[in-house]
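> give me a 3D structure for the following:
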Amino acid sequence: MFSELPPSSVPTSKVDCRWLFGEYYVYLSCMNLCINSTCTLKNTHLTHNSCPGQYPNRVYTLANNSFLSFVTKSENGDYENDYFQCNNSKCIRYDQVCDLINDCGDLSDEVGCTNHMVCGMPNETQLISLSQRCDGRYDCFDLTDECNSDCTKEILENSFLKWMCWLMGVLAVLFNATMVIQTTISLKSCRTGGMLVTKSLIALVGLGDLMIGVYLVVLSVYDSFVYGENFCRRQAEWLSSHGCMLLGVISTSASQLSLFAMTTLSFIRMMGVFKNSMTAPVPVNKKAILKTVCLVMTIITTSLAIAVVPLIPYLEDYFVQGLYYDAKYRVFVGFPNKAKHVEILQAYFNSTNITVDTTWKDIGNRVNEMFSQTMTNGSLSHRAVHFYGNDGVCLFKYFVRNNDATRSIGKQGSDIIDYKGNIVVWVMLILNFLCFGMISVSYILIARKAERSSMRTGQNRNPDVVQQNRTLQRKVLVIITTDFLCWVPFIFICVFHSLNVIDATSWYATFAMTVLPLNSVINPLLYDNSIEQFVRRMCQKLGFLWIISSLQRSFSETKANITENLELED
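Modelled structure (predicted):
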């Protein structure tokens, strides 16, 4: 006997019952109103000795004039016998059948249901609804709801990103290693302090871009050879590892090192063009060397500090993104952030003293109190998901999710929300945008100054000078365009994402592997002429003469102009 359902709840034709649960699912499936589901009730009947040990106040009755059964009296005085008999002889109510809970203990109340997915844990069964499968959120303790044949996750999601990561990484390492070596060797031949500073900054640009190349190559190795298709289930191991942390430091410090060096170089070149032309060049002496070393160390220290600050233990309450617990404890699924911990701990301890202001250390102690000392050996095994563990690519957290633990958070009702925005992300976006602005303004002013100088001296009628100005303008256009394409769209997308105008979370890896590394490949071609020579020699050995001629046409004028500008600045 089913509980009486209102007429409006009974469909007039067959429906998809995969999203229904409990007695409603049982009723429709047994009335043959489900498309892909059959009746879960057995063709057996409750007899007088069914459900042993249960319902001591049962009332025996003759059923169908053929066998002795029983009924029970409900609280409202009605007699009922809508009980499902499990394979182990235990009986449960119909509303407990197909409800995603193993009420029978032997799973016989859920086996015949089509409205669930069985997680893949050995020695234990966990059921979730089909709507929770491949929805981007972890519900199974073993993560099989998001790591299966229909949906999975790798460090780099598709073949395009994998190939681009390898290509950008190898080219960046090859080009910038050559640039750094050649530029470092040439430091010994610098005759003026200005040339020493310029060459040193060019070497820093190459060093930063070389580190980006190393990051891309190492990440590709982890993606292709270490984790591969097993990354989804092992991502907790990677996101909380020292390897991911180190890659995050390398990529962040490298990008800032290259950007700060380019910004400083453009500013110094601009000042060199606008300063008094009668000023004598400063020779290379101890003072010039000390000045150069201090400038280089300042840029390196600042870049490294930006990358390391989020990993300082003292700041873990702001930068730690969540914790991953051993699945055997069956308390948290996935990588719960502080908001989820607060929700669980408040319910468990029935206390409102646990808030988002509670430190991670205190949260860890409270979680330990939920388990016996003998079970956890005094402490629950867990690993922190650090700042760079926001994604498998282990980059600076520019694309921040709305529920991210590193956001500045406040309390509004029962929801933990972001009301200030992420301070760190905004500071970095503004800083990088200002650097791009400085680079652009500096080179535009340099080009205009050179053009006005040629007009004032009458050199604008000289074909050689006109050609040099055009070459300089092309060089400035290439520098500004590449910087613009690499940084400005990325910055604006980050802003729109932080303001919840768009959700760009899924775009992060694409930008990180294709757009941002573009500068690391192009910069050696713009700031140093040794790369063209290197590529030309390699192409000669390989016999690709058409590549040689193409490169020669593309960069010969730029190379001559760069050399001349370096000499003029001194």
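> all strands of the stretch 51-200 of the chain, in order?
Under the criterion DSSP state E, counting those that start in this stretch, the stretch 51-200 of the chain contains strands at 59-63, 67-73, 79-80, 83-85, 91-93, 116-118, 127-129.
> what's the local residue count around Cys134?
Neighbour count for Cys134, taken as other CB atoms under 10 Å: 15. Bear in mind the C-beta positions are built from the backbone N, C-alpha and C, glycine included.
> hang on, the earlier thing: tell me which of the strands of the stretch 51-200 of the chain is the most buried.
strand 83-85 (a mean of 22; mean count of other CB atoms under 10 Å).
> chain center to that one, what's the gap?
Put simply, strand 83-85 sits 48 Å off its chain's centre (CA atoms, centre = their mean, to the nearest Å).
> which other helices and strands does it contact?
The contact analysis (3 or more CB pairs under 8 Å, 6 or more residues apart in numbering; DSSP states H and E) places strand 83-85 against strand 91-93.
> who does the strand it packs on pair up with?
Here strand 91-93 is paired, per DSSP bridges, with strand 83-85 (antiparallel).
> give me the contact list for the partner strand.
Here strand 83-85 makes contact (CB atoms under 8 Å, 6 or more residues apart in numbering) with 41-42, 44, 46, 50-51, 91-94, 96-97, 109.
> out of these, which are buried?
46, 50-51, 91-92, 94, 96-97, 109 (16 or more other CB atoms under 10 Å).
> closest to Asn368 out of those?
Closest approach to Asn368 among those (CB to CB): Gln96, at 33.7 Å.
> tell me who's in contact with that closest one.
By CB under 8 Å, 6+ apart, the contact set of Gln96 is 22, 84, 103, 109.
> quick check: phi and psi at the most far-flung residue of the chain relative to its centre.
For the chain, the residue at maximal distance from the C-alpha centroid (CA atoms, centre = their mean) is Asn65, at 67.6 Å. The phi/psi pair for Asn65 (degrees, to the nearest 10) reads phi 60, psi 30.
> Leu323 too?
phi -130, psi 150.
> repeat for Gly364
The phi and psi values for Gly364, taken as degrees, to the nearest 10, are phi -60, psi -40.
> helix, strand or coil for Val205?
helix (DSSP: H, G, I helix; E, B strand; the rest coil).
> run a quick neighbour tally on the residue lying closest to Val478 once chain neighbours are set aside.
Spatially, and ignoring its direct neighbours in sequence, Val478 is nearest to Leu526 (6.3 Å; CB to CB, 6 or more residues apart in numbering). Leu526 has 19 neighbours, counted by other CB under 10 Å.
> so how far is Glu451 from Leu526?
20 Å (CB to CB, to the nearest Å).
> circling back: quick one: closest of the strands of the stretch 51-200 of the chain to Ile491.
Ile491 lies closest, by CB to CB, to one member of the strands of the stretch 51-200 of the chain: strand 127-129, at 39.3 Å.
> what lines up beside that closest one in the sheet?
Here, using DSSP bridges, strand 127-129 pairs with strand 116-118 (antiparallel).
> quick one: mean pLDDT for the partner strand?
Mean pLDDT, computed over strand 116-118, is 92.
> can you give me phi and psi for the residue positioned nearest the centre of the chain?
Compute the mean C-alpha point of the chain, and by CA atoms, centre = their mean the closest residue is Asp391, 2.6 Å away. Asp391 adopts backbone torsions of phi -160, psi 160, taken as degrees, to the nearest 10.
> hang on, it packs against Ala509?
Yes - if you go by CB atoms under 8 Å, Asp391 and Ala509 touch, sitting 6.8 Å apart.
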